[in-house]
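Colleague: coords please:
(one chain, ligands or ions: 1)
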Amino acid sequence: MRAHPRIWLGGCSLLLLSSLAITQLSPLLLPQVHETYEQSERAVQDGQYQMALALMKGTLYSDGVTIGIEGDHADRTAIVREAAQGWNQALEGDSPIRLVSMRENPQVIVKWVPQVPAEGSHTLGLIKMRKEFRWNTTRHEVGIKGTIYVATQPPGSPLSRSEQVDVVMHELGHLLGLDDCGDLGPLMGPLERGKPVGAPTANEVAAVTGLRRMVRDKLSLVNLQLSRQTTTAGRRQVPYEHRQTSPHDHGKIAVVESQAK
Ligand SMILES: [Zn+2]
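Modeller: Below you'll find the predicted structure:
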(Lines give C-alpha, C1' and ligand atoms only; values in the text may rest on other atoms or scores of the structure.)
Protein backbone atom coordinates (compact mmCIF):
# COMPACT_ATOMS: atom_id res chain seq x y z
CA MET A 1 0.00 0.00 0.00
CA ARG A 2 1.15 3.49 -0.69
CA ALA A 3 0.98 4.45 2.99
CA HIS A 4 3.49 1.73 3.85
CA PRO A 5 5.74 1.36 0.84
CA ARG A 6 7.87 -1.72 0.79
CA ILE A 7 11.46 -1.17 -0.16
CA TRP A 8 12.50 -3.75 -2.67
CA LEU A 9 15.85 -3.78 -4.33
CA GLY A 10 15.01 -2.37 -7.72
CA GLY A 11 11.38 -1.82 -6.75
CA CYS A 12 8.59 -3.18 -8.87
CA SER A 13 10.66 -2.81 -12.00
CA LEU A 14 13.08 -5.47 -10.79
CA LEU A 15 14.18 -7.37 -13.86
CA LEU A 16 13.36 -11.05 -13.91
CA LEU A 17 14.76 -13.12 -16.70
CA SER A 18 12.05 -15.65 -17.35
CA SER A 19 14.35 -17.60 -19.63
CA LEU A 20 16.52 -18.54 -16.66
CA ALA A 21 15.49 -21.32 -14.36
CA ILE A 22 13.76 -19.62 -11.46
CA THR A 23 14.98 -20.96 -8.17
CA GLN A 24 13.76 -18.15 -5.95
CA LEU A 25 10.38 -16.61 -5.39
CA SER A 26 9.93 -13.10 -6.75
CA PRO A 27 10.05 -10.20 -4.27
CA LEU A 28 6.83 -8.99 -5.94
CA LEU A 29 4.94 -11.76 -4.12
CA LEU A 30 3.13 -11.29 -0.81
CA PRO A 31 5.17 -11.97 2.35
CA GLN A 32 2.53 -14.59 3.28
CA VAL A 33 3.25 -16.42 0.04
CA HIS A 34 6.97 -16.48 0.84
CA GLU A 35 6.25 -17.71 4.38
CA THR A 36 3.85 -20.43 3.22
CA TYR A 37 6.36 -21.61 0.61
CA GLU A 38 9.19 -21.75 3.15
CA GLN A 39 6.91 -23.59 5.58
CA SER A 40 6.04 -26.14 2.91
CA GLU A 41 9.75 -26.65 2.22
CA ARG A 42 10.41 -27.28 5.92
CA ALA A 43 7.43 -29.64 6.05
CA VAL A 44 8.90 -31.66 3.17
CA GLN A 45 12.28 -31.84 4.93
CA ASP A 46 10.54 -33.02 8.11
CA GLY A 47 8.60 -35.65 6.19
CA GLN A 48 5.30 -33.89 6.97
CA TYR A 49 4.02 -34.48 3.47
CA GLN A 50 0.32 -33.89 4.09
CA MET A 51 1.07 -30.52 5.65
CA ALA A 52 3.31 -29.64 2.69
CA LEU A 53 0.59 -30.69 0.22
CA ALA A 54 -2.04 -28.56 1.98
CA LEU A 55 0.20 -25.48 1.98
CA MET A 56 1.23 -25.92 -1.64
CA LYS A 57 -2.29 -26.62 -2.93
CA GLY A 58 -3.58 -23.57 -1.06
CA THR A 59 -0.99 -21.45 -2.86
CA LEU A 60 -1.49 -23.00 -6.29
CA TYR A 61 -5.30 -23.45 -6.01
CA SER A 62 -4.78 -26.78 -7.74
CA ASP A 63 -8.53 -27.49 -7.73
CA GLY A 64 -9.25 -23.94 -8.95
CA VAL A 65 -10.65 -21.09 -6.93
CA THR A 66 -14.30 -20.25 -7.55
CA ILE A 67 -15.49 -16.65 -7.75
CA GLY A 68 -19.09 -15.46 -7.62
CA ILE A 69 -20.66 -12.04 -7.99
CA GLU A 70 -23.11 -10.92 -5.32
CA GLY A 71 -26.63 -11.02 -6.74
CA ASP A 72 -25.29 -12.56 -9.99
CA HIS A 73 -25.54 -9.00 -11.33
CA ALA A 74 -25.05 -9.21 -15.14
CA ASP A 75 -22.96 -6.04 -15.72
CA ARG A 76 -20.76 -6.74 -12.72
CA THR A 77 -20.32 -10.36 -13.75
CA ALA A 78 -19.08 -9.08 -17.12
CA ILE A 79 -16.55 -6.85 -15.33
CA VAL A 80 -15.24 -9.73 -13.21
CA ARG A 81 -15.18 -12.01 -16.25
CA GLU A 82 -13.09 -9.48 -18.16
CA ALA A 83 -10.65 -9.18 -15.24
CA ALA A 84 -10.42 -12.97 -14.87
CA GLN A 85 -9.91 -13.42 -18.61
CA GLY A 86 -7.18 -10.78 -18.52
CA TRP A 87 -5.30 -12.87 -15.98
CA ASN A 88 -5.94 -16.11 -17.83
CA GLN A 89 -4.56 -14.58 -21.01
CA ALA A 90 -1.52 -13.20 -19.18
CA LEU A 91 -0.88 -16.62 -17.60
CA GLU A 92 -1.39 -18.37 -20.95
CA GLY A 93 -4.35 -20.37 -19.72
CA ASP A 94 -2.89 -21.28 -16.33
CA SER A 95 -5.21 -19.14 -14.19
CA PRO A 96 -6.95 -21.11 -11.42
CA ILE A 97 -9.80 -18.55 -11.25
CA ARG A 98 -13.22 -19.97 -12.16
CA LEU A 99 -16.34 -17.81 -12.38
CA VAL A 100 -19.43 -19.55 -11.03
CA SER A 101 -22.97 -18.50 -10.12
CA MET A 102 -23.88 -17.77 -6.50
CA ARG A 103 -25.91 -21.00 -6.43
CA GLU A 104 -22.65 -22.91 -6.64
CA ASN A 105 -21.43 -21.49 -3.35
CA PRO A 106 -18.28 -19.73 -4.59
CA GLN A 107 -15.17 -19.55 -2.41
CA VAL A 108 -14.66 -15.86 -3.15
CA ILE A 109 -17.52 -13.38 -3.55
CA VAL A 110 -17.16 -10.02 -5.31
CA LYS A 111 -19.31 -7.28 -3.77
CA TRP A 112 -19.90 -3.70 -4.80
CA VAL A 113 -20.27 -1.48 -1.75
CA PRO A 114 -20.46 2.34 -1.33
CA GLN A 115 -17.17 2.38 0.59
CA VAL A 116 -14.64 -0.38 0.96
CA PRO A 117 -14.30 -1.55 4.60
CA ALA A 118 -10.67 -0.50 4.97
CA GLU A 119 -8.69 2.28 6.53
CA GLY A 120 -7.85 5.16 4.25
CA SER A 121 -10.40 7.13 2.24
CA HIS A 122 -8.73 6.40 -1.08
CA THR A 123 -9.29 2.68 -1.06
CA LEU A 124 -11.08 1.59 -4.21
CA GLY A 125 -10.97 -2.15 -3.73
CA LEU A 126 -10.12 -4.72 -1.13
CA ILE A 127 -9.70 -8.47 -0.83
CA LYS A 128 -10.23 -10.23 2.47
CA MET A 129 -8.97 -13.77 2.33
CA ARG A 130 -8.82 -16.62 4.77
CA LYS A 131 -7.14 -19.90 4.00
CA GLU A 132 -7.45 -22.79 6.36
CA PHE A 133 -5.08 -25.71 6.06
CA ARG A 134 -5.89 -28.99 7.79
CA TRP A 135 -3.81 -32.12 7.75
CA ASN A 136 -2.87 -35.27 9.60
CA THR A 137 -0.57 -38.09 8.66
CA THR A 138 -2.81 -39.48 5.91
CA ARG A 139 -4.73 -36.61 4.34
CA HIS A 140 -5.07 -32.88 3.99
CA GLU A 141 -7.66 -30.27 3.15
CA VAL A 142 -7.63 -26.60 2.21
CA GLY A 143 -10.50 -24.21 2.95
CA ILE A 144 -10.59 -20.93 1.05
CA LYS A 145 -13.00 -18.10 1.82
CA GLY A 146 -12.75 -14.57 0.61
CA THR A 147 -14.52 -11.36 -0.31
CA ILE A 148 -13.47 -8.80 -2.88
CA TYR A 149 -14.97 -5.34 -2.38
CA VAL A 150 -15.26 -2.69 -5.08
CA ALA A 151 -16.25 0.86 -4.09
CA THR A 152 -19.28 2.38 -5.84
CA GLN A 153 -18.85 5.77 -4.15
CA PRO A 154 -15.10 6.39 -3.88
CA PRO A 155 -13.85 9.93 -3.21
CA GLY A 156 -14.31 12.10 -6.27
CA SER A 157 -16.18 10.40 -9.06
CA PRO A 158 -17.48 6.83 -9.34
CA LEU A 159 -15.13 4.37 -11.03
CA SER A 160 -15.52 4.00 -14.78
CA ARG A 161 -16.14 0.52 -16.15
CA SER A 162 -12.50 0.04 -17.13
CA GLU A 163 -11.37 1.33 -13.72
CA GLN A 164 -13.61 -1.31 -12.11
CA VAL A 165 -12.02 -3.99 -14.30
CA ASP A 166 -8.61 -2.68 -13.18
CA VAL A 167 -9.56 -2.79 -9.49
CA VAL A 168 -10.91 -6.35 -9.77
CA MET A 169 -7.76 -7.44 -11.69
CA HIS A 170 -5.63 -5.90 -8.94
CA GLU A 171 -7.52 -7.82 -6.24
CA LEU A 172 -7.27 -11.02 -8.29
CA GLY A 173 -3.52 -10.30 -8.45
CA HIS A 174 -3.47 -10.52 -4.64
CA LEU A 175 -5.45 -13.76 -4.83
CA LEU A 176 -2.75 -15.14 -7.15
CA GLY A 177 -0.03 -14.13 -4.70
CA LEU A 178 1.11 -10.64 -5.70
CA ASP A 179 1.85 -7.91 -3.18
CA ASP A 180 1.08 -4.20 -3.52
CA CYS A 181 3.63 -2.07 -5.24
CA GLY A 182 4.35 1.57 -4.43
CA ASP A 183 5.21 2.60 -7.97
CA LEU A 184 2.74 4.19 -10.36
CA GLY A 185 2.19 2.13 -13.47
CA PRO A 186 2.06 -1.57 -12.58
CA LEU A 187 -1.31 -3.25 -11.98
CA MET A 188 -0.33 -3.81 -8.35
CA GLY A 189 0.48 -0.12 -7.88
CA PRO A 190 -2.06 2.56 -6.95
CA LEU A 191 -4.65 3.47 -9.57
CA GLU A 192 -4.17 6.82 -11.19
CA ARG A 193 -7.77 7.92 -11.73
CA GLY A 194 -8.68 8.05 -15.37
CA LYS A 195 -5.69 5.89 -16.32
CA PRO A 196 -6.53 2.25 -15.56
CA VAL A 197 -3.75 -0.16 -16.48
CA GLY A 198 -5.95 -3.12 -17.33
CA ALA A 199 -3.17 -5.74 -17.49
CA PRO A 200 -0.33 -7.05 -15.34
CA THR A 201 3.23 -6.11 -16.29
CA ALA A 202 5.68 -8.70 -17.60
CA ASN A 203 7.36 -8.75 -14.17
CA GLU A 204 4.06 -9.30 -12.38
CA VAL A 205 3.22 -12.15 -14.76
CA ALA A 206 6.71 -13.65 -14.28
CA ALA A 207 6.28 -13.51 -10.49
CA VAL A 208 3.01 -15.47 -10.65
CA THR A 209 4.17 -17.98 -13.28
CA GLY A 210 7.44 -18.50 -11.38
CA LEU A 211 5.53 -19.18 -8.17
CA ARG A 212 3.20 -21.61 -9.92
CA ARG A 213 6.09 -23.43 -11.58
CA MET A 214 8.04 -23.75 -8.32
CA VAL A 215 5.04 -24.96 -6.32
CA ARG A 216 4.08 -27.45 -9.05
CA ASP A 217 7.62 -28.86 -9.17
CA LYS A 218 7.62 -29.28 -5.41
CA LEU A 219 4.14 -30.85 -5.47
CA SER A 220 5.17 -33.50 -7.95
CA LEU A 221 8.27 -34.31 -5.89
CA VAL A 222 6.12 -34.80 -2.78
CA ASN A 223 3.60 -36.92 -4.68
CA LEU A 224 6.46 -39.05 -6.01
CA GLN A 225 7.84 -39.41 -2.50
CA LEU A 226 4.39 -40.42 -1.20
CA SER A 227 3.85 -42.96 -3.96
CA ARG A 228 7.12 -44.65 -2.94
CA GLN A 229 6.05 -44.96 0.66
CA THR A 230 4.40 -48.17 1.71
CA THR A 231 0.87 -47.37 2.70
CA THR A 232 0.39 -48.26 6.31
CA ALA A 233 -2.71 -46.15 6.85
CA GLY A 234 -6.04 -47.90 6.74
CA ARG A 235 -9.22 -46.65 5.13
CA ARG A 236 -10.50 -45.19 8.38
CA GLN A 237 -10.84 -41.42 8.25
CA VAL A 238 -8.72 -39.95 10.99
CA PRO A 239 -9.76 -36.51 12.25
CA TYR A 240 -7.41 -33.65 11.47
CA GLU A 241 -4.89 -32.96 14.20
CA HIS A 242 -3.36 -29.83 12.80
CA ARG A 243 -4.81 -26.61 11.61
CA GLN A 244 -3.38 -23.38 10.43
CA THR A 245 -5.07 -20.25 9.14
CA SER A 246 -3.67 -17.42 7.11
CA PRO A 247 -5.95 -14.39 6.85
CA HIS A 248 -4.91 -11.35 4.87
CA ASP A 249 -6.47 -8.15 3.57
CA HIS A 250 -5.18 -6.10 0.67
CA GLY A 251 -6.61 -3.01 -0.88
CA LYS A 252 -6.29 -1.02 -4.05
CA ILE A 253 -5.92 2.64 -3.36
CA ALA A 254 -6.39 5.64 -5.57
CA VAL A 255 -3.64 8.09 -6.17
CA VAL A 256 -4.48 11.37 -4.50
CA GLU A 257 -4.29 14.27 -6.94
CA SER A 258 -1.20 15.79 -5.28
CA GLN A 259 0.60 12.45 -5.21
CA ALA A 260 -0.08 11.76 -8.87
CA LYS A 261 1.87 14.77 -10.02
ZN1 LIG B 1 -3.62 -4.03 -3.30
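Colleague: now the strands for the stretch 151-261 of the chain?
Modeller: Ranges of strands in the stretch 151-261 of the chain, per DSSP state E, counting those that start in this stretch, are 242-253.
Colleague: For it, give me the ranges with low pLDDT.
Modeller: 230-239, 248-261 (pLDDT under 70).
Colleague: For it, which segments count as helices?
Modeller: 161-175, 202-228, 257-260 (DSSP state H, counting those that start in this stretch).
Colleague: Tell me which of the ones you listed is the most buried.
Modeller: Ranked by average neighbour count under the criterion mean count of other CB atoms under 10 Å, those are headed by helix 161-175 at a mean of 24. Bear in mind the C-beta positions are built from the backbone N, C-alpha and C, glycine included.
Colleague: so what does that one touch, helix or strand wise?
Modeller: When contacts are defined as 3 or more CB pairs under 8 Å, 6 or more residues apart in numbering; DSSP states H and E, helix 161-175 packs onto helix 74-90, strand 123-135, strand 140-151, strand 242-253.
Colleague: Can you give the distance from that helix to the centre of its chain?
Modeller: Centroid separation for helix 161-175 versus its chain: 12 Å, with CA atoms, centre = their mean, to the nearest Å.
Colleague: Dump the helices of the stretch 151-261 of the chain into JSON lines; add distance to the ion as well.
Modeller: Shown next, in JSON lines, are these (distance: least, CB to the ion, whole Å):
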{"stretch": "helix 161-175", "distance to the ion": "6"}
{"stretch": "helix 202-228", "distance to the ion": "12"}
{"stretch": "helix 257-260", "distance to the ion": "16"}
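Colleague: got JSON lines for these, with distance to Ile69 too?
Modeller: Output for these, formatted as JSON lines (distance: least, CB to CB, whole Å):
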{"stretch": "helix 161-175", "distance to Ile69": "10"}
{"stretch": "helix 202-228", "distance to Ile69": "23"}
{"stretch": "helix 257-260", "distance to Ile69": "30"}
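Colleague: got the helices and strands packed on helix 161-175 as a markdown table, with mean neighbour count columns?
Modeller: Below are these laid out as a markdown table (neighbours: other CB atoms under 10 Å):
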| stretch | mean neighbour count |
| --- | --- |
| helix 74-90 | 17 |
| strand 123-135 | 21 |
| strand 140-151 | 21 |
| strand 242-253 | 18 |
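Colleague: Ranked by average pLDDT, which of these falls at the bottom?
Modeller: Ranked by mean pLDDT, these end with strand 242-253 at the bottom, a mean of 70.
Colleague: what about stretch 85-93, distance to the chain center?
Modeller: With CA atoms, centre = their mean, you get 14 Å for stretch 85-93.
Colleague: what sits up against it?
Modeller: Identification of contacts with stretch 85-93 by CB atoms under 8 Å, 6 or more residues apart in numbering yields 94-95, 97, 165, 169, 172-173, 176, 198-200, 205, 208-209, 212.
Colleague: returning to what we had before: quick one, which of the helices and strands packed on helix 161-175 gets closest to the ion.
Modeller: Nearest of those to the ion, taken as CB to the ion: strand 242-253 at 4.2 Å.
Colleague: picking up where we left off before, which of the contacts of stretch 85-93 sits closest to Val44?
Modeller: Checking these against Val44 by CB to CB gives Arg212 as the nearest, at 17.6 Å.
Colleague: tell me the contacts of the closest one?
Modeller: If you count contacts by CB under 8 Å, 6+ apart, then Arg212 has Leu60, Leu91, Asp94 around it.
Colleague: Would you mind measuring from it to Glu41?
Modeller: 16 Å (CB to CB, to the nearest Å).
Colleague: for Asp179, same thing?
Modeller: From Asp179 to Glu41 the distance is 20 Å (CB to CB).
Colleague: These two - which one has more neighbours?
Modeller: Asp179 (22 against 15; other CB atoms under 10 Å).
Colleague: pretty sure that one is in contact with Leu29, am I right?
Modeller: Yes. Using CB atoms under 8 Å, Asp179 makes contact with Leu29 at a distance of 6.1 Å.
Colleague: could the contacts of Arg212 be laid out in JSON lines, adding pLDDT and distance to Leu124?
Modeller: Formatted as JSON lines, these follow (pLDDT from 0 to 100; distance: CB to CB, whole Å):
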{"residue": "Leu60", "pLDDT": "97", "distance to Leu124": "28"}
{"residue": "Leu91", "pLDDT": "98", "distance to Leu124": "24"}
{"residue": "Asp94", "pLDDT": "97", "distance to Leu124": "27"}
